[in-house]
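Visitor: Pasting the sequence and the predicted model now:
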Amino acid sequence: MPTFSSLRLADPPSSRNAWEAQRPALLEAMQQIMGPLPGPEKRGPLDVQVDEEVDCDSYTRRLITYVSEPNCRVPAYLLIPHAALQSPAPAVLCPHPTDDRIGHKVVVGLGGCANRAYASELAQAGFVTLAPAYPLLADYRPDWRALGYQSGTMKAIWDNMRGLDLLAELPFVAGSSFASIGHSLGGHNSIYTAVFDPRIAVVVSSCGLDSYQDYMDGDITGWTSDRYMPRLKDYALADLPFDFHDMISALSPRPCFISAPLGDSNFRWRSVDSVVETARAVYDLYGAGEALQVVHPDCDHDFPDDIRQRAYQIIAETLGRMGSFDAGEAHS
């Protein structure tokens, strides 16, 4: 496998064939840091168990666990619109932002910061949604090293992919393509998962990225904890084998909607624009430049109402529910 040359340092590929020849090396570079993506040996029966079920007017909220691999159960919320039981609906993976107190509860409207309840809002709009817990946050504390991982990031990717397996088995889920939407941690978690799993047909990332080299003026300590990628510590900043330029490029030609607020102190919007400009050159090779969108709301590290509504519309358009989607119904 050839060494991957990050697009932030190299000329953009000259053709789709040139990019597609590079893409496998990018996946190898990511696994060099994140550890290897698990294989079929970890895929067994999901053995879904329901711990709680609540009627939320237009949808049912289930607190479940599923077996992502031997010796590990992932807690998750599964939201099922009542209408989906009569006519199957598309499904959306909803990774949650950083919250060490209530974890994935925040995206189903059970507390935490405002403007984070995208799983429940999408369920109100008619989508089946799944919100898995993230490793090493709140009550989900898997020993990922004992399970054979080299990063919390790869453990989360695998849990998400098994969540998609779960959605694919449900009789009230339509189709085999999904969306993924997330804020902050959920934003980059969505991107990482979509790079490895083509079943994610559209990605929404709010406050989820800038270039590693620009992050906190070059201090990437926040990316090197057990929750993320400890192996990043082994590289000089200039020698990191991949960056978000490459990962967003790897999503092409799938729709990708990025919100990068002007006042976000975690991720710099100008850096996001640089990432998008680089990735758009790859999207353009597919004639899909318009599928990559970036917006800059005038706020801090937030996911404001109008931006969420725009994101939901993009999801609806991609998954084919334009006729049934009413942005007003999803508004909270």
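Guide: Happy to help now that I have it.
Visitor: how about the helices in the stretch 51-200 of the chain?
Guide: Using DSSP state H, counting those that start in this stretch, the helices found in the stretch 51-200 of the chain span residues 118-124, 152-169, 185-196.
Visitor: Pro171: how many residues sit nearby?
Guide: 8 (other Cβ atoms under 10 Å). The way it works is simple: take the backbone N, C-alpha and C, and place the C-beta from them, glycine included.
Visitor: Need phi/psi at it.
Guide: The phi and psi values for Pro171, taken as degrees, to the nearest 10, are phi -70, psi -20.
Visitor: switch to numbering from 535
Guide: Shifting the count to begin at 535 puts that one at Pro705.
Visitor: returning to what we had before: from the helices of the stretch 585-734 of the chain, which stretch is densest packed?
Guide: helix 652-658 (a mean of 28; mean count of other Cβ atoms under 10 Å).
Visitor: could you show me where the strands are in the stretch 535-684 of the chain, in order?
Guide: Using DSSP state E, counting those that start in this stretch, the strands assigned to the stretch 535-684 of the chain run over residues 583-589, 593-603, 606-615, 625-627, 662-666.
Visitor: can you list the helices of the stretch 585-734 of the chain in CSV and add mean pLDDT and distance to Tyr762?
Guide: Shown next, in CSV, are the helices of the stretch 585-734 of the chain (pLDDT from 0 to 100; distance: least, Cβ to Cβ, whole Å):
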stretch, mean pLDDT, distance to Tyr762
helix 652-658, 98, 22
helix 686-703, 98, 5
helix 719-730, 98, 9
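Visitor: To Leu580, which of these lies closest?
Guide: Nearest to Leu580, of all the helices of the stretch 585-734 of the chain, is helix 686-703, at 5.3 Å by Cβ to Cβ.
Visitor: Let's verify the residue lying closest to Gly797 once chain neighbours are set aside: helix, strand, or coil?
Guide: Excluding the flanking residues, the one nearest Gly797 by Cβ to Cβ, 6 or more residues apart in numbering is Asp834, at 4.2 Å. Assigned with DSSP: H, G, I helix; E, B strand; the rest coil, Asp834 falls in the coil class.
Visitor: Asp834 touches Asn800, doesn't it?
Guide: No. Asp834 lies out of contact with Asn800 (Cβ atoms under 8 Å); the separation is 9.2 Å.
Visitor: of these two, who's got more company?
Guide: The residue with more neighbours, out of Asp834 and Asn800, is Asn800; 16 against 12, by other Cβ under 10 Å.
Visitor: how near is that one to Met568?
Guide: In this structure, Asn800 and Met568 are 21 Å apart, going by Cβ to Cβ, to the nearest Å.
Visitor: so what's Glu703 up against?
Guide: By Cβ atoms under 8 Å, 6 or more residues apart in numbering, the contact list for Glu703 reads Leu580.
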